[in-house]
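# sharing a sequence plus its predicted fold:
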Amino acid sequence: MSVDSFKFLPGSIAAYYRNMTVPREDPIPWTPMRKPLRECTFSLVTTGGIYVKDAQEPFDAEREKREPMWGDPTYRRIPRDVRQEDIGASHLHINNRDLLADVNTVLPIRRFLDLEHEGVIGSLAPTSYSFMGYQQNNTEWRERYGPEVAAAMREEGVDAVVVAPA
Amino acid sequence: MLVTNMPVWSERIGVPRTVGVEFPYGHAFGRPGDRAMQMLVIEAALGLLESAASPGEAVAVDIEWPQLLDEAKRDWQPLEPSPIVARMIEQRRRQADQTRRPADNASP
């Protein structure tokens, strides 16, 4: 099967993206897997703009409303024992209904805990991470928050990361 | 390992390992409450982690989104236009107004 990357976009936005050029990583970064899955610690990353209600601030949607070219570049730490009812969402570019019903649609924490329980993977790390994906300028992701998250993952002994743009 | 509904960016940018899904935005792992669908996507990701031998490898999950396309295209979008989309709509409206006005003025 070949995936149509533009299938769900309105026509004008699809046309814009089809013609968009982006700088290419050369060479493509590469870290070989050095362990079997059953010995690996995983972490998960979403750009779905989720946060833990009452424990964390939502992403700054109010500033984005005032400055539509700006998107909050910060991130939230999502603990592996987070409860569905504690998940909040502040992403103005998608309908948050389904991820508020089941966070596994964007950050499959429960599924990875199942795999840990079944012995398919070694473990899910204590922390997964949530960003808000609307970024016109990714300088802060590249220079500050990305490296911060990578360092935190190393501290938790993470071997592999599953990243899912929302 | 990237799981995305826009694997075209992986090809353009250069991503080490990519699982492509033809799902609407906000649903990289599938439908809410659909454990089987979510696991199929995750199994594809884990399989690629084990099998990929060189950078740039990609696989596609062979699942058709179980919803009419027009409905799915509407359903993932926010209930209110995002601020940038709202601004673009307003700009287009103003441009349309300005284009109409000279013609209006030219009318007898």
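Structure received.

# need the per-residue pLDDT for the residue nearest the centre of chain A.
The centroid of chain A falls nearest to residue A:46 when counting by Cα atoms, centre = their mean (1.4 Å). Note on residue A:46: pLDDT of 98.

# wait, isn't it in contact with residue A:166?
Yes. The criterion here is Cβ atoms under 8 Å, and residue A:46 meets it with residue A:166 at 6.1 Å. Yep, even glycine has a C-beta here, placed from its N, CA and C like the rest.

# anything in contact with each of those two?
When contacts are counted by Cβ atoms under 8 Å, 6 or more residues apart in numbering or on different chains, residue A:46 and residue A:166 have A:106, B:28 as shared neighbours.

# over to residue A:33: give its phi and psi.
The phi and psi values for residue A:33, taken as degrees, to the nearest 10, are phi -70, psi 130.

# so what's it closest to, chain neighbours aside?
Computed as Cβ to Cβ, 6 or more residues apart in numbering or on different chains, the closest residue to residue A:33 that is not its neighbour in sequence is residue B:49, at 5.8 Å.

# which strands or helices does the helix or strand the one you found falls within pack on?
Remark: residue B:49 resides in helix B:35-51, with elements defined by DSSP states H and E. Packed against helix B:35-51 by the contact rule (3 or more Cβ pairs under 8 Å, 6 or more residues apart in numbering or on different chains; DSSP states H and E) you find helix A:109-118, strand A:160-164, strand B:17-20, strand B:57-60.

# what is the neighbour count of residue B:11?
15 (other Cβ atoms under 10 Å in any protein chain shown).

# for the helix or strand containing it, packing partners?
Assigned by DSSP H and E, residue B:11 belongs to helix B:7-13. With contacts taken as 3+ Cβ pairs under 8 Å, 6+ apart, helix B:7-13 sits against strand B:17-20, strand B:57-60.

# for chain A, which of those is the nearest?
Of all those, it is strand B:17-20 that lies closest to chain A, at 3.8 Å by Cβ to the nearest Cβ.

# which strands and helices lie in contact with that closest one?
Counting contacts by 3+ Cβ pairs under 8 Å, 6+ apart, strand B:17-20 packs against strand B:2-4, helix B:7-13, helix B:35-51, strand B:57-60.

# return the most buried member of the ones you listed.
Neighbour counts (mean count of other Cβ atoms under 10 Å in any protein chain shown) averaged over each of these peak at strand B:2-4, with a mean of 24.

# pull the distance from that one to the chain's centre.
Remark: strand B:2-4 is offset 11 Å from the chain centroid, using Cα atoms, centre = their mean, to the nearest Å.

# quick one: average confidence on it?
Strand B:2-4 comes out at a mean pLDDT of 98.

# what's around the nearest residue to residue A:87 once chain neighbours are set aside, how many residues?
Counting by Cβ to Cβ, 6+ apart, residue A:87 lies nearest to residue A:103, which is 4.9 Å off, once chain neighbours are set aside. Residue A:103: 26 surrounding residues under other Cβ under 10 Å.

# which residues does residue A:103 contact?
A:50, A:82, A:84, A:87, A:109, A:110.

# please pick the buried ones from these.
If you count burial by 16 or more other Cβ atoms under 10 Å in any protein chain shown, the buried members of the contacts of residue A:103 come out as A:50, A:82, A:87, A:109, A:110.

# done for today, thanks.
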